[in-house]
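> quick one: sequence plus predicted model below, questions after.
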Amino acid sequence: MSWFGSVTLFAAIALVATACAASPADDGGPGEASPPTTSSSTTEESSSTAVPKSDASVAIPAGPSALTDPRSDEFPAPLVPIDEIISGGPPPDGIPPLDAPVFIDVAAVGDQLEGAESVVALEINGDARAYPVRVMIWHEIVNDTVGGIPVSVTYCPLCNSAVSYRREVNGVETTFGTSGSLFASALVMYDRLTESLWTHFDGRAVVGVLAGTQLEPLASPLMAWQDFVATYPDGQVLDSTQTGHSRDYGRNPYVGYDDAETEPFLFRGIVDDRERAKQRVVGVTVDETSAAYSMELLADGNGSATAVTVGSQDLVILWKPGQASALDASTVEGGQDVGSVGVFVPELAGSPVTLVAQDGKFVDDETGSTWTIAGVAAEGPLKGSSLERVEHLDTFWFAWSTYRPDTLLIEE
């Protein structure tokens, strides 16, 4: 992409951010429409000064809001330089999270989604849900309850990463909103208990009364819609027609952002020069050891199964084609094929499961069973079995190396 093209792209991103803050609700009036009623979750209002709930008074410290007073001397020391938390354009919740998401059965989706479209997949206690990136790209956070567990599903288009967390702080349930700010060109969230600021990428409170607190991460990989359907035919999908907001779902407001030769938007750090800033990588951390695997290493024909060791843990990284980049073309389903990735512990009940890619499928050497990209045996003697999923991130190199500066980089 030319210099002029890069400038035009970044200007467009800034305009999109402003539009997100000012976009009218479905009722045509100013502000946002009230979300539909659902049993999935409830909305908690944000206030300018954070006051813990009465039942949270012991577990949650009181103090000023980091949204309005990030330099308060009542806070613990910030974990990141406050000067590097910069405005991305919209005010808090100007990019509106979904606090009352509505779901429909996979079988009822019809033509709402295309097969290659990217979705964030989350399965807990048998409850499998897909969060289409066509929706996440406009809202960035969904506060939900999955398998009885309160969760926040987050997606940051500027760093091309989907991360989910248990939305509990010191045992107290909360919800998360978008702060309107960025750190290292990535979403900065805030909790609605104390209005502390949190980094999306690693789930840490970095400024505010909760600075230093860590959220529990939940594996929620990006995958093609068609792969989610094949793995979870009885699952549910976030309904883009019932978000309570008026957005052009399906359009990509970040056209051309998935170009490895361009620079990240509003990034103030120093990019690790071992790789291009927006090179796609698969990042994994085990036992305090982090490794990033170049997508070019993993992407191979109709599929690949790559045996790796991170820390003391043997793993297998599965890749298959068929997922469109949401950040490439003018539509989220029209982007280049970047494929889907799954990372797993290759064993069942202490016995090894050696997976190999054959004719677009994954087959284990031990029983000949076939496996999906989600680590589920679809056919054969092990049908119905699931491998232990390992949390990983499909993301850009600049983001992974910023948060994991000691990471190994594996390119061959």
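Perfect, I can see it now. Numbering: from 1, shown residues only.
> how close does residue 107 get to residue 239?
With distances taken as C-beta to C-beta, to the nearest Å, residue 107 is found 13 Å from residue 239. C-beta here means a position set from N, CA and C on the backbone, and glycine is covered the same way.
> so the two - more neighbours on which side?
For residue 107 versus residue 239, the count of surrounding residues by other C-beta atoms under 10 Å is larger for residue 239: 18 against 10.
> for the stretch 201-350 of the chain, just list every one of the strands.
204-207, 217-218, 222-224, 236-238, 280-286, 289-294, 304-310, 313-320, 340-345, 347-348 (DSSP state E, counting those that start in this stretch).
> give me the contact list for stretch 402-412.
Outside stretch 402-412, the residues that touch it by C-beta atoms under 8 Å, 6 or more residues apart in numbering are 184, 199, 201-202, 269, 272, 274-275, 281, 283, 285, 289-294, 296-297, 308, 397, 400-401.
> an error on my part: the question was meant for stretch 347-364.
Residues contacting stretch 347-364 (C-beta under 8 Å, 6+ apart): 300-305, 316, 318, 320, 346, 365-366, 369-373, 377, 380, 382, 385, 387-388.
> state the helix or strand in which the residue lying closest to residue 87 once chain neighbours are set aside lies.
Leaving aside its sequence neighbours, residue 87 sits nearest to residue 181 (C-beta to C-beta, 6 or more residues apart in numbering; 5.7 Å). In the assignment (DSSP states H and E), residue 181 maps to strand 176-183.
> what's the first helix or strand after that strand?
strand 186-191.
> surely residue 367 touches residue 383?
No - the criterion here is C-beta atoms under 8 Å, and residue 367 misses it with residue 383 at 9.8 Å.
> ok, residue 116 touching residue 225?
Yes - counting by C-beta under 8 Å, residue 116 does reach residue 225; the two are 7.2 Å apart.
> name the residue in these two with the higher neighbour count.
Using other C-beta under 10 Å as the criterion, residue 116 and residue 225 rank with residue 225 on top: 27 against 21.
> from residue 148, how far off is the more buried one?
25 Å.
> what's the answer for residue 213, then?
Taking C-beta to C-beta, one finds residue 213 at 23 Å from residue 148.
> ok, residue 301 next?
For residue 301, the distance to residue 148 - C-beta to C-beta - is 40 Å.
> so which of these two has more stuff around it?
residue 301 (11 against 8).
> now for that one: which residues touch it?
321, 357.
> neighbours of residue 411, how many?
Residue 411 has 12 nearby residues by other C-beta under 10 Å.
> what pLDDT does it get?
According to the prediction, residue 411 has pLDDT 91.
> with residue 266 instead?
Confidence for residue 266, expressed as pLDDT, is 88.
> from memory it sits against residue 185, does it?
Yes - here residue 266 reaches residue 185: they are 5.5 Å apart, a contact under C-beta under 8 Å.
> need the residue closest to the centroid of this protein.
Per C-alpha atoms, centre = their mean, the C-alpha nearest to the average position across the chain is that of residue 162, at 1.2 Å.
> partners of whichever helix or strand it is part of in the sheet?
Using DSSP H and E, the element containing residue 162 is strand 161-166. Next to strand 161-166 in the sheet, as set by DSSP bridges, lie strand 149-156 (antiparallel), strand 217-218 (antiparallel).
> so of the ones you listed, which one's packed in deepest?
strand 149-156 (a mean of 24; mean count of other C-beta atoms under 10 Å).
> what's the angle from that strand to strand 176-183?
Strand 149-156 and strand 176-183 are oriented at 30 degrees to each other (axes from the mean of the first three to the mean of the last three C-alpha atoms, to 10 degrees).
> list the contacts of strand 149-156.
Contacts for strand 149-156 (C-beta under 8 Å, 6+ apart): 41, 120, 122, 124-125, 131, 133, 136-137, 140-145, 161-168, 173, 175-176, 186-187, 189, 200-201, 218, 220.
> what about that strand, distance to the chain center?
8 Å (C-alpha atoms, centre = their mean, to the nearest Å).
> repeat that for stretch 374-390.
On C-alpha atoms, centre = their mean, the centre of stretch 374-390 falls 24 Å from the chain's centre.
> same question, stretch 260-270
19 Å.
> now, of the strands of the stretch 201-350 of the chain, which is deepest in the fold?
Using mean count of other C-beta under 10 Å, strand 222-224 ranks as the most buried of those, with a mean of 26.
> so how far is that one off the chain centroid?
Worked out by C-alpha atoms, centre = their mean, strand 222-224 lies 11 Å from the chain centre.
> what do you get for stretch 232-248?
The answer for stretch 232-248 is 16 Å, by C-alpha atoms, centre = their mean.
> do the same with stretch 137-147
10 Å.
> repeat that for stretch 121-141.
9 Å.
> same question for stretch 231-242.
On C-alpha atoms, centre = their mean, the centre of stretch 231-242 falls 17 Å from the chain's centre.
> residues contacting that stretch, please?
36, 98, 101-107, 109, 112-113, 119, 121, 123, 127-132, 134-135, 142, 228-229, 249, 372-374, 376, 378.
> and residue 315, what does it touch?
Contacts of residue 315 (C-beta under 8 Å, 6+ apart): 284, 286, 307-309, 343-346, 390.
> can you put those residues in TSV and add pLDDT and distance to residue 194?
Conversion of the contacts of residue 315 to TSV gives the following (pLDDT from 0 to 100; distance: C-beta to C-beta, whole Å):
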residue	pLDDT	distance to residue 194
284	97	31
286	95	31
307	97	44
308	97	39
309	97	40
343	98	33
344	98	36
345	98	36
346	98	41
390	96	31
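> how about those in JSON lines, adding distance to residue 261?
Below are the contacts of residue 315 laid out as JSON lines (distance: C-beta to C-beta, whole Å):
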{"residue": "284", "distance to residue 261": "26"}
{"residue": "286", "distance to residue 261": "31"}
{"residue": "307", "distance to residue 261": "31"}
{"residue": "308", "distance to residue 261": "28"}
{"residue": "309", "distance to residue 261": "32"}
{"residue": "343", "distance to residue 261": "27"}
{"residue": "344", "distance to residue 261": "32"}
{"residue": "345", "distance to residue 261": "36"}
{"residue": "346", "distance to residue 261": "35"}
{"residue": "390", "distance to residue 261": "31"}
